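Asker: could you work out the structure for the sequence below:
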Amino acid sequence: MQQESLPFIRVLMGEGYDSLLGKRVQLHGRLTKPIDFILLEDITFDVDTALDVEWQQTHQIKTVFYEPSITELKGSLFQKTYPGPPNYESIEYGDMPETSIILALSEPIDVQAASPEDDFNQFEKEVREVQIIFDAVPPKDLWEQGIVVAGTLFSAHTGHHRRRVLMEVNDWEPVKEKTEVLLHDQR
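Answerer: Take a look at the predicted model:
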């Protein structure tokens, strides 16, 4: 039996997966076929999760829990501006700019509900970036050198949420390199 293959599959991934570009990945998501247009025979693959295959073979991913659990995460911060209301499409065409602070994690995490009754927060696998909500933003000179944040995690649920997982931060401190070296030596 001969099968016809389509010209290509269009893969749609959020920018939270940019760190995986050029790596061997395992994708989980949904295949969809667009409405039949003339000359358009492609399929779209909407990615829910992208897993770094090589990293998984040598590391165990830590599982953390959504609210009300307090979680501690380590990484570096960066800021990005997105189009906001009214259309969430283009600042150039009149949408208000919205700036988000993102934590690029030192190591990916899996995030799951703290209780079986939690229908709001969605299980997420190999999360690499978390949108951060601060009461008081740390000085920018700490952003790239590394920071440890503590707070509660919750699933994205509005157009203002730019990553799958968000954290409302209660406390933060700079990464203490000397302390980490001692901890590694003691293991």
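Asker: from here on, just use CA atoms for contacts and neighbour counts.
Answerer: Noted.
Asker: quick one, what contacts Ala150?
Answerer: Ile70, Thr71, Glu72, Leu73, Val169, Asn170, Asp171, Trp172 (CA atoms under 8 Å, 6 or more residues apart in numbering).
Asker: please, a PyMOL command that selects the buried ones among those?
Answerer: In PyMOL syntax, the buried subset of those is picked out as below (16 or more other CA atoms under 10 Å):
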select buried, resi 70+71+72+73+169+172
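Asker: from the contacts of Ala150, which is closest to Thr58?
Answerer: Comparing those against Thr58 with CA to CA places Leu73 closest, at 20.4 Å.
Asker: pLDDT score assigned to that closest one?
Answerer: In this model, Leu73 is scored at 96, pLDDT.
Asker: what do you get for Ser5?
Answerer: Per-residue confidence at Ser5 stands at 57 (pLDDT).
Asker: now do Ser100
Answerer: Note for Ser100: predicted pLDDT of 93.
Asker: ok, and what's touching the helix or strand it falls within?
Answerer: Per DSSP states H and E: Ser100 is located in strand 97-112. Residues from elsewhere that reach strand 97-112, judged by CA under 8 Å, 6+ apart: 61-66, 73-84, 91, 121-133, 160, 162.
Asker: distance of the closest residue to Gln145 other than its chain neighbours relative to Trp172?
Answerer: With sequence-adjacent residues excluded and distances taken as CA to CA, 6 or more residues apart in numbering, Gln145 is closest to Ser76, at 6.7 Å. Distance, Ser76 to Trp172, by CA to CA, to the nearest Å: 12 Å.
Asker: next, show the common contact partners of those two.
Answerer: Ile147.
Asker: contacts only, for the spatially most central residue of the chain.
Answerer: Nearest to the mean C-alpha position of the chain, counting by CA atoms, centre = their mean, stands Glu129 at 3.6 Å. With contact set as CA under 8 Å, 6+ apart, Glu129 has these partners: Gly16, Ile102, Leu103, Ala104, Leu105, Pro108, Arg163, Val165.
Asker: now with 7 Å?
Answerer: For Glu129, the contacting residues are Gly16, Ile102, Leu103, Ala104, Leu105, Arg163, by CA atoms under 7 Å, 6 or more residues apart in numbering.
Asker: tell me the angle the host helix or strand of it makes with strand 97-112.
Answerer: Here Glu129 sits within strand 124-133, counting by DSSP H and E. Compare the direction of strand 124-133 with that of strand 97-112 by axes from the mean of the first three to the mean of the last three CA atoms, to 10 degrees and you get 140 degrees.
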